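1. I need the structure of the sequence given here:
(2 chains)
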There are 2 protein chains.
Amino acid sequence: MDMAVKERIRVGGRSARIQAAVHDAVRELSAEIDRAELTVPLIAARAGVTPSTIYRRWGDLSELLGDVAVERLRPVAEPLDTGSTAGDLEAWVVQYMEEMSSAVGRAMLRDVLINISEGNACQCANFTYEQLQMIADRAAHRGEVPFDVDDLVDRVIGPIMYHVLFGHGELTPDYCRMLLARVPELKGGADVQSARGEAS
Amino acid sequence: MDMAVKERIRVGGRSARIQAAVHDAVRELSAEIDRAELTVPLIAARAGVTPSTIYRRWGDLSELLGDVAVERLRPVAEPLDTGSTAGDLEAWVVQYMEEMSSAVGRAMLRDVLINISEGNACQCANFTYEQLQMIADRAAHRGEVPFDVDDLVDRVIGPIMYHVLFGHGELTPDYCRMLLARVPELKGGADVQSARGEAS
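-> Modelled structure (predicted):
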């Protein structure tokens, strides 16, 4: 049975309560003990379910941890509205950098990247694209030149994530601002055409 | 005992042979069976050592896999000399993209990223910086304007790795060339000063 079918069958009361209890157990135990000591029986005991409930629903520990990490990386709010696109992007990108480079953020990233084929990582990138698209839509709504989300990921998000994962270079708000200064649309209308031209 | 001390004690004959046998066993078994089925006893049997030899030397399976992955990601040669910096970088970056986005490359990346605190990922980034620095030094030697390695990582390597790991966007040689076209020093001497200016 594929994941989509499982999800459709298991909506509602009991299933949702089990998911919440297991996710809570993972979050609590992660704060208390070392990741290497985390086991399915331990999580099951804390959540008040049997280990086989967990194996049946998530397959194994790494899939459960990936699932919990995706939920924790899911944005809880719309990007802050600062009144300008430059302000919105700076606020969002600096917060993104700080969350991803924190100890908790790095642990979440590790959990979503372990099962590279499972689509967890792709889901996290979707969150990023959605949030950036909201900021771009807001720019258009204000009458500002909307930036291209793919281009912003290449110029700003990619290098930040590289440094988070591979540990090279210092991640600071100034570094984020330096990357954002390369986004053509943030330089003002007149330059956009020529700055875009550099990419062709 | 820290890793550096262990390394100093264990140089030479028998230790080097054990390392080679265990690394070979991991590579062979990885080609034959699913990663999820790979266990320390299986690797030990293939390598002709006891499981406790592996646990003593590497700690656990994920550390062993990370160690093997770093060795496989270590460059085997200097970057190809095509006669120009633009040519050297295009050849190197397209090959990097193809290797990292292959099934084997993605599996290696997963293995080095699992133990994020272990320095494996940092070691892999060192390989990248060293190879790029060789190309930059060669540029200076030819009398071309040498590019800045950190800047090239931000503009080209970061976005490629983001798409490899998070699975968004198509990775093609054209995409690599589009990113390389943003490197100020590859645009010709006259533009370098103004193009660099965009970053400040």
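2. remind me which residues of chain A are low pLDDT?
-> Applying pLDDT under 70 to chain A picks out residues A:1-12, A:116-118, A:168-169, A:188-200.
3. Show me where chain A has its helices.
-> Under the criterion DSSP state H, chain A contains helices at A:3-9, A:13-32, A:40-47, A:51-58, A:61-73, A:85-101, A:103-114, A:120-142, A:149-152, A:158-166, A:173-180, A:189-197.
4. Using CSV, lay out these together with mean neighbour count and distance to residue B:21.
-> Yep, even glycine has a C-beta here, placed from its N, CA and C like the rest. CSV is the format used below for these (neighbours: other CB atoms under 10 Å in any protein chain shown; distance: least, CB to CB, whole Å):
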stretch, mean neighbour count, distance to residue B:21
helix A:3-9, 10, 40
helix A:13-32, 15, 37
helix A:40-47, 17, 33
helix A:51-58, 16, 35
helix A:61-73, 21, 28
helix A:85-101, 19, 39
helix A:103-114, 20, 27
helix A:120-142, 18, 34
helix A:149-152, 18, 46
helix A:158-166, 24, 30
helix A:173-180, 17, 44
helix A:189-197, 12, 55
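5. can you put the ones you listed in a markdown table and add distance to chain B?
-> Converted to a markdown table, the helices of chain A look like this (distance: least, CB to the nearest CB, whole Å):
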| stretch | distance to chain B |
| --- | --- |
| helix A:3-9 | 16 |
| helix A:13-32 | 15 |
| helix A:40-47 | 15 |
| helix A:51-58 | 14 |
| helix A:61-73 | 9 |
| helix A:85-101 | 11 |
| helix A:103-114 | 5 |
| helix A:120-142 | 4 |
| helix A:149-152 | 7 |
| helix A:158-166 | 3 |
| helix A:173-180 | 6 |
| helix A:189-197 | 7 |
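6. Just send these back as a markdown table, with distance to residue B:24 too.
-> Output for these, formatted as a markdown table (distance: least, CB to CB, whole Å):
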| stretch | distance to residue B:24 |
| --- | --- |
| helix A:3-9 | 37 |
| helix A:13-32 | 36 |
| helix A:40-47 | 33 |
| helix A:51-58 | 34 |
| helix A:61-73 | 26 |
| helix A:85-101 | 37 |
| helix A:103-114 | 25 |
| helix A:120-142 | 30 |
| helix A:149-152 | 42 |
| helix A:158-166 | 27 |
| helix A:173-180 | 42 |
| helix A:189-197 | 51 |
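7. Wait, residue A:120 touches residue A:68, no?
-> No. Judged on CB atoms under 8 Å, residue A:120 makes no contact with residue A:68 at a distance of 10.1 Å.
8. Mind listing the shared neighbours of these two?
-> In terms of CB atoms under 8 Å, 6 or more residues apart in numbering or on different chains, residue A:120 and residue A:68 are both contacted by the residues residue A:111.
9. wait, doesn't residue A:115 sit right on residue A:63?
-> Yes. Shown here, residue A:115 and residue A:63 form a contact pair, counting by CB under 8 Å, at 6.2 Å.
10. Give me the nearest residue to residue A:65, chain neighbours excluded.
-> Nearest residue to residue A:65, sequence neighbours excluded (CB to CB, 6 or more residues apart in numbering or on different chains): residue A:111, at 4.3 Å.
11. Which residue ranges make up each domain of chain A?
-> According to automatic domain parsing, chain A comprises the domains A:3-59, A:76-197.
12. which one of these lies closest to residue B:18?
-> Nearest to residue B:18 among the domains of chain A is domain A:3-59 (24.4 Å), distances taken as CB to CB.
13. The nearest residue to residue A:35 once chain neighbours are set aside and residue A:25: what is the separation?
-> Leaving aside its chain neighbours, residue A:35 sits nearest to residue A:107 (6.7 Å; criterion: CB to CB, 6+ apart). Applying CB to CB, to the nearest Å, the value for residue A:107 to residue A:25 is 16 Å.
14. Next: residue A:112.
-> Distance of residue A:112 to residue A:25, computed by CB to CB: 19 Å.
15. Next: residue A:68.
-> Distance of residue A:68 to residue A:25, given as CB to CB: 9 Å.
16. likewise residue A:58?
-> Per CB to CB, residue A:58 is found 12 Å from residue A:25.
17. cool, and residue A:139?
-> 42 Å.
18. Run through the residues that contact residue A:143.
-> Contact analysis of residue A:143 by CB under 8 Å, 6+ apart lists nothing.
19. how about it, phi and psi?
-> When quoted as degrees, to the nearest 10, the phi and psi of residue A:143 stand at phi 90, psi 10.
20. where does the residue nearest to residue A:57 when sequence neighbours are not counted sit relative to residue A:53, distance-wise?
-> Take residue A:57 and drop its neighbours on the chain: the residue closest to it by CB to CB, 6+ apart is residue A:18, 7.4 Å away. To residue A:53, residue A:18 is 7 Å away according to CB to CB.
21. what does residue A:44 give?
-> Counting by CB to CB, the separation of residue A:44 from residue A:53 is 7 Å.
22. what does residue A:187 give?
-> Counting by CB to CB, the separation of residue A:187 from residue A:53 is 55 Å.
23. before we move on, what about residue A:123?
-> Using CB to CB, one obtains 23 Å as the distance from residue A:123 to residue A:53.
24. Hmm, residue A:92 and residue A:80 touching each other?
-> Yes. Counting by CB under 8 Å, residue A:80 does reach residue A:92; the two are 7.0 Å apart.
25. shouldn't residue A:74 be in contact with residue A:130?
-> No. Between residue A:74 and residue A:130 there is no contact under CB under 8 Å: 10.0 Å.
26. With adjacent residues omitted, what lies nearest to residue A:51?
-> Nearest non-adjacent residue to residue A:51 (CB to CB, 6+ apart): residue A:44, at 4.4 Å.
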